[in-house]
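1. Here you go, sequence then predicted model.
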Amino acid sequence: MNPRLRQAGTVYRNIHVSQIARYRLPLAGFVSILHRISGAALFLVLPVIVWLLDRSLSSEVTFAEFARAFSSGVGFFPGWLVKFWVWEVVGAWLGHFFAGLRHLWMDVTHSVSAPQGKVSAQLTLFVSGGIWLLIGAKLAGLY
C-alpha cells in the first residue's frame, strides 16, 4: 500500500459486486448515477420522441390521434399505460436536466465539497421530484 495513503488515514479499496448492496453511497453519488441512467434511457427513447413530435406537429388530425391516445390508448396499450410512459419519460428528462444543471454549476464555480454536494443533491431531487409529481397529478386529472 502507498505510504502517503496510510498517513492520510484514507484507504481506497475496490468494491466487489457482492458488496454493492452493503456499500453506502453518498447522496451526491446517487444523483450522479441517476444522471447517467436517465441520460442513457433518454438516448435510447429519443428516436421515438422525435418521431412522436414530428407526427403530432404534421397535422391537426395526427395531433388529435395522439390526444385521443391518452384517453382510449394505442393498440393494445390502455390509456393509463400511455400516460404512465409519458410520465416516466418526463421524469427522466427532469431528473437529467436538473442533475445536469447541478454538474454545470459545480464545474463553473469549482466549489466541490461534501456538504455542498449533499445540499445540491437534495435540491436536485426535491425540485425535479416535485415538478414530476405535479405533472403526474395533472396527467391523472387531479387538477
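-> Noted; the coordinates are in hand.

2. hey, let's count contacts and neighbours off CA atoms from now on
-> Will do.

3. gap between Leu104 and Ser120?
-> 12 Å (CA to CA, to the nearest Å).

4. which of the two has more neighbours?
-> Neighbours were tallied for Leu104 and for Ser120 using other CA atoms under 10 Å; the higher tally belongs to Ser120 (20 against 12).

5. On the three-state scheme, Asn14 is what?
-> coil (DSSP: H, G, I helix; E, B strand; the rest coil).

6. how much space between it and Leu52?
-> Taken as CA to CA, the span from Asn14 to Leu52 is 44 Å.

7. Name the residue in these two with the higher neighbour count.
-> The neighbour comparison of Asn14 against Leu52 (other CA under 10 Å) goes to Leu52, with 15 against 6.

8. give me the element the more buried one is part of.
-> helix 27-58 (DSSP states H and E).

9. What residues sit buried inside that helix?
-> Leu27, Ala28, Val31, Ser32, Leu34, His35, Ser38, Gly39, Leu42, Arg55, Ser56 (16 or more other CA atoms under 10 Å).

10. Might you report the residue contacts of the third one?
-> Right, Val31. Ala99, Ala121, Leu125 (CA atoms under 8 Å, 6 or more residues apart in numbering).

11. so which of these comes closest to Ser72?
-> Leu125 (32.6 Å; CA to CA).

12. can you tell me the helix or strand for that closest one?
-> helix 114-139.

13. Quick one: mean pLDDT over that helix.
-> For helix 114-139, mean pLDDT is 94.

14. follow-up on the earlier one: now the helix holding Leu52 against helix 114-139, angle please.
-> 30 degrees (axes from the mean of the first three to the mean of the last three CA atoms, to 10 degrees).

15. what separates helix 27-58 from the chain centre, distance-wise?
-> Distance, stretch centre to chain centre, for helix 27-58: 8 Å (CA atoms, centre = their mean, to the nearest Å).
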